[in-house]
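Undergrad: Quick one, what's the 3D model for this:
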Amino acid sequence: MVLKRPIVGSARAVYHRLVPFDLRMRVWTFRRHLAFAPDRLPGRGASPTERIAIRFIGKRALRASGFAQAVLRHTAGLDTSHAMLRTWIEYPLGTNQRGEEAVRVVRQRVGVGGARSLDIGCAYGGTPIAFARAGADAYGLELDPGLLGLARANLADHPGLSCTLLTGDILQPEVAQSLGQFDIITCDNVIEHVERASRLVETIAHMLRPGGVCVMGIPNPFSYLEVLHDGHYALFGLTLLDREQAIAYFVDAGHTDPYGVGEYTFTLNDYAEMFDQQGLTCALLNGQVYSSGEVAALKARLPALRGRFAALVNEGKIPVAAQPQIERGLDRYLAGFDTRYAAYHSAPTRAAAATLGGRLLIDYQQDQWQVLIRHRG
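TA: The predicted structure is shown next:
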């Protein structure tokens, strides 16, 4: 697998080297909340979900968008005290922005106008809509009819735009065969939800035309923030468990809705091997810039996970049955990091240290991997 570093300006590169990751995130959050815009100030009568939506997109945009209104209706029954509430509102409302970013990334590699594109697991429809606006013959496929209904509400906000939205399971051979082949395939935060990740990769290999590209977003289950509180349910240590154990933990934690995550215990190398077995190459597009200070900060940060685990146990927030499994998983996780850190620390050359340290950041700090997939040769 080829790892590519992003091109950054000198000022940004210095900022990334000198300012620890956690501090950068706090600065970003502070600046976001500090910004004053009357349009983004909710009134006293706004519901908790409306407040989040208004602060995210503004009152004018909320009133003007049938899709945004549909999102609020769809999320009206959510537990407003849940740690994931903001994500559950902001993630769908950001779908069009993510779609435009997907077009930008793909356009740097292949032409979009006139290309046949497919977004697998299109959810709220932002990506196929963005490709349709860019001139592609765009398709979106979504398994969940409820989410597809929101995607259609989103498409209705773009009158006259030709974009085909379909419901179906991409892992069913008849569904994939009926769709045919594509020049462009996108698949963002989907592979961790399917029953068999390797089957999705095999399907993509068959559906991707020679010379075409697939851009896939894969959440990293082993980033320390994902271990601290996973991105789907905000449960400590969930990603350190196999699926059967994770479901039991999820249920014991009081969740009554279906568990929506499939295979989710793969490293980036595991995914790269899946692609390789299907004759596909895989290049990481968003690898973090190596910094020895950043690696040292990561080394200092990870042991705090033990303290957080102990605190949650004392507060009764981790079910008793799950505690031994999470503790064993945490021991393996930290021991694996320590072994790799020792190899990095004793690297014979600066170049070797940069390679090993960069992979530590990619594997233990980076929350999301964005990969570019092509047919080999």
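Undergrad: Only C-alpha atoms from now on, for both contacts and neighbour counts.
TA: Noted.
Undergrad: buried set for stretch 90-100?
TA: 90, 92, 93, 95, 96, 98, 99, 100 (16 or more other Cα atoms under 10 Å).
Undergrad: The second one in helix, strand or coil?
TA: Which is residue 92. Three-state assignment for residue 92 (DSSP: H, G, I helix; E, B strand; the rest coil): helix.
Undergrad: There's contact between residue 262 and residue 190 in this structure, I believe.
TA: No - the pair residue 262 / residue 190 is not scored as a contact, 9.6 Å apart, by Cα atoms under 8 Å.
Undergrad: which is the next helix or strand following the helix or strand residue 244 falls within?
TA: Using DSSP states H and E, residue 244 sits in helix 243-252. Next in sequence after helix 243-252, counting helices and strands by DSSP H and E, comes helix 268-277.
Undergrad: quick check: angle from the longest strand along the chain to helix 268-277?
TA: Counting residues, the longest strand found in the chain (DSSP state E) is strand 208-219. Put simply, strand 208-219 runs at 170 degrees to helix 268-277, going by axes from the mean of the first three to the mean of the last three Cα atoms, to 10 degrees.
Undergrad: Who are the packing partners of strand 208-219?
TA: Judged by 3 or more Cα pairs under 8 Å, 6 or more residues apart in numbering; DSSP states H and E, strand 208-219 is in contact with helix 95-107, strand 182-188, strand 368-375.
Undergrad: Tell me which other helices or strands the first one touches.
TA: Okay, so that is helix 95-107. helix 126-133, strand 208-219.
Undergrad: let's see 10 Å
TA: In terms of contact count using 3 or more Cα pairs under 10 Å, 6 or more residues apart in numbering; DSSP states H and E, helix 95-107 is assigned the packing partners helix 126-133, helix 145-156, strand 182-188, strand 208-219.
Undergrad: out of those, deepest packed?
TA: Mean neighbour count, computed with mean count of other Cα atoms under 10 Å, is highest for helix 126-133 among those, reaching a mean of 27.
Undergrad: Output that one as CSV - backbone C-alpha positions only.
TA: Extracted in CSV, the C-alpha atoms of helix 126-133 (Å, rounded to 0.1, in the frame of the first residue of the first chain):
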residue,chain,number,x,y,z
GLY,A,126,-25.2,14.4,-0.6
THR,A,127,-22.5,12.5,-2.6
PRO,A,128,-24.6,11.4,-5.6
ILE,A,129,-26.3,14.8,-5.7
ALA,A,130,-22.8,16.5,-5.8
PHE,A,131,-21.7,14.2,-8.6
ALA,A,132,-24.9,14.8,-10.6
ARG,A,133,-24.3,18.6,-10.2
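Undergrad: Give the other helices and strands that that helix contacts.
TA: helix 95-107, strand 116-120, strand 137-142, helix 145-156, strand 164-167, strand 182-188.
Undergrad: what is the mean pLDDT for it?
TA: For helix 126-133, mean pLDDT rounds to 98.
Undergrad: The nearest residue to residue 166 once chain neighbours are set aside: neighbour count?
TA: Leaving aside its chain neighbours, residue 166 sits nearest to residue 141 (4.9 Å; criterion: Cα to Cα, 6 or more residues apart in numbering). By the criterion of other Cα atoms under 10 Å, residue 141 has 23 neighbours.
Undergrad: what bridges to residue 141?
TA: Going by DSSP bridges, residue 141 is paired in beta bridges with residue 120, residue 166.
Undergrad: All set, thanks.
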